[in-house]
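> With the sequence up front, the predicted model follows.
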Amino acid sequence: MMLIWFIFFIIIFGISLIFLIIYDRTKNKIFKRIFIGYWLFFILSYLILFVVGSINSPMTVDRDDIYGKYEIDKDMFKGNNANWQFQHFNFEIEDNDEFIFFEYYDNGKIKSQHKGNIEFIEGYASPHLKIQNVKPGHQIIENEPSLIRKKWNFYYVFKSKKFGNVFFKKKKGGILNKF
């Protein structure tokens, strides 16, 4: 791959050098303008590709982004099951690295709380979450849920024995999260 980039650079540089040599021999300003336009085209193309690549790349999730309250993402699977899960499950990750999973009755009152600790696993583009010592255990809670990063947000996927993949997104709250 490096050889291809080197050959590409040599060709680009060689063509621009030809424009300079022709300008030097003829003193015709059109070749000077072509040389400048040629390099402006490549510089602007690179900058545009850089900006588009930055916009389309997944967001980087920091530890501070992970702390907060999470709810079932009903956009992943619509229907009665998603609505039921939304009403019955959510969790919170607190600043003191405590994990609290909530299960609710149909009337909205808390049925059970499952508390544990979290640890961040570094070495990835974004820190991965490791949930430890959850008491009492719950069939949705997984030790290492998958962090899925999108362009402007992220979500967690827990592999439930009963429900399959369960998707949790961070709750929006406050005026600054609306932008």
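Alright, I've got the coordinates. Not measured: the values here are computed from a predicted model. Numbers count the residues shown, from 1 in each chain.
> Helix or strand: which one has the nearest residue to Ile72 once chain neighbours are set aside?
Using Cβ to Cβ, 6 or more residues apart in numbering and skipping the chain neighbours, the partner closest in space to Ile72 is Phe86 (4.2 Å). (Each C-beta comes from the backbone N, C-alpha and C, glycine too.) Per DSSP states H and E, Phe86 falls inside helix 80-88.
> Could you give the separation of that helix from the chain centroid?
Distance of helix 80-88 from the chain centroid (Cα atoms, centre = their mean, to the nearest Å) equals 25 Å.
> Mind checking what secondary structure the nearest residue to Asp97 once chain neighbours are set aside has?
Spatial nearest neighbour of Asp97, chain neighbours left out: Ile118 (5.0 Å); criterion: Cβ to Cβ, 6+ apart. Of the three states, Ile118 takes strand under DSSP: H, G, I helix; E, B strand; the rest coil.
> Need the pLDDT of Ile118.
Looking at Ile118, its pLDDT reads 93.
> Show me what it bridges to in the sheet.
Ile131 (DSSP bridges).
> Would you confirm that it contacts Lys130?
Yes - here Ile118 lies in contact with Lys130, judged by Cβ atoms under 8 Å, at a distance of 6.6 Å.
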